[in-house]
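*Asks:* got a predicted model here, sequence first, then my questions.
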Amino acid sequence: MSALNHKIFNITIAGSGNVAWHLSHAFKSKGHTIDRIIARNESTGKKLADEINAQFISDFETSNDSSDVVVLAINDSSLNEVLHKINTDNTIMLHTSGSVGLEFFNGKAGNYGVFYPFQTLTAGVEVDFSSIPICIEASDDKTLSVIRELAETIASHIHILDSAKRRILHLAGIMTNNFINHFIARSFDYLKRNSIETDLLLPLLKETLLKLEKVSAKEAQTGPARRKNPEIIEVHKKMLESEPELKKLYSLISDSIIAYYS
């Protein structure tokens, strides 16, 4: 045990994108050793390796004997190709995907699992990892115990979630984060086209999220669709005649809200 009062892991990170950046910095900040960053992108890979004092390697066909854990923080579409190249002996292999099942590792690795940070992550934009849920799963109880030990060094909210439930959570996350963010982007564009400052929406957005800490989303819903006010909805649709895509979104969501409360 170290002065930090937890085991120090030797970790290899495969990838240099958003998740790789955040996990590398989070692990490093808790005293873990990042042995190497393996990435095809030499620019981002070298930069990340330099930031955390790790070795940079561009060839996935390399030995990982010194690492306790290899974290595959790469695109889902590249997982199979990369796993076949990395030496899986004497190490725990982890992927960080919300949509790829644990069965992906069957016959390809001995000890393996999932380390899924449930948060939107952008390289260079710091987040408080202690507040991020980490969803884990493993090939066996012993490996699960090791993954949990690693997760607890950087986070406070650890959840054991099987592949089926993790996929459901991932889908809900896409609808909650990606879909809402897209609607916000469309709304911002609409304001810009009408020469209105987008900052005017920020206090509303903040209050919308803060309210969810006090009441459920179902209880918090407001607006003309919630009140079943067709006259206002029709006025809004006419205002969006020159914005067909935005009108389509407005109509679809309004219809959904009306049906939800019927």
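*Replies:* Here it is on my side, so go on.
*Asks:* identify the residue spatially nearest to residue 139, adjacent ones excluded.
*Replies:* Excluding the flanking residues, the one nearest residue 139 by Cβ to Cβ, 6 or more residues apart in numbering is residue 112, at 5.0 Å. Every residue, glycine included, has its C-beta placed from N, CA and C.
*Asks:* what's the pLDDT at that neighbour?
*Replies:* Predicted confidence (pLDDT) for residue 112: 95.
*Asks:* same thing with residue 35?
*Replies:* Predicted confidence (pLDDT) for residue 35: 91.
*Asks:* could you spell out the sheet neighbours of the helix or strand where it lies, each with its direction?
*Replies:* Assigned by DSSP states H and E, residue 35 belongs to strand 33-38. Strand 33-38 has the following strand partners under DSSP bridges: strand 10-14 (parallel), strand 55-57 (parallel).
*Asks:* what residues sit buried inside the shortest one?
*Replies:* Yep, that's strand 55-57 we're talking about. 56-57 (16 or more other Cβ atoms under 10 Å).
*Asks:* and the residue nearest to residue 139, what are its phi and psi?
*Replies:* phi -160, psi 170 (degrees, to the nearest 10).
*Asks:* also the one 3 residues further on?
*Replies:* Residue 115 has phi and psi values of phi -130, psi 90 when expressed as degrees, to the nearest 10.
*Asks:* tell me who's in contact with it.
*Replies:* For residue 115, the contact set (Cβ atoms under 8 Å, 6 or more residues apart in numbering) comprises 23, 71, 94-96, 134, 136, 147, 150-151.
*Asks:* one more: residue 148?
*Replies:* Here residue 148 is in contact with 136, 158, 160 (Cβ under 8 Å, 6+ apart).
*Asks:* start to end distance for stretch 70-84?
*Replies:* 13 Å (Cα to Cα, to the nearest Å).
*Asks:* how about stretch 133-152?
*Replies:* Span of stretch 133-152 from end to end, Cα to Cα: 11 Å.
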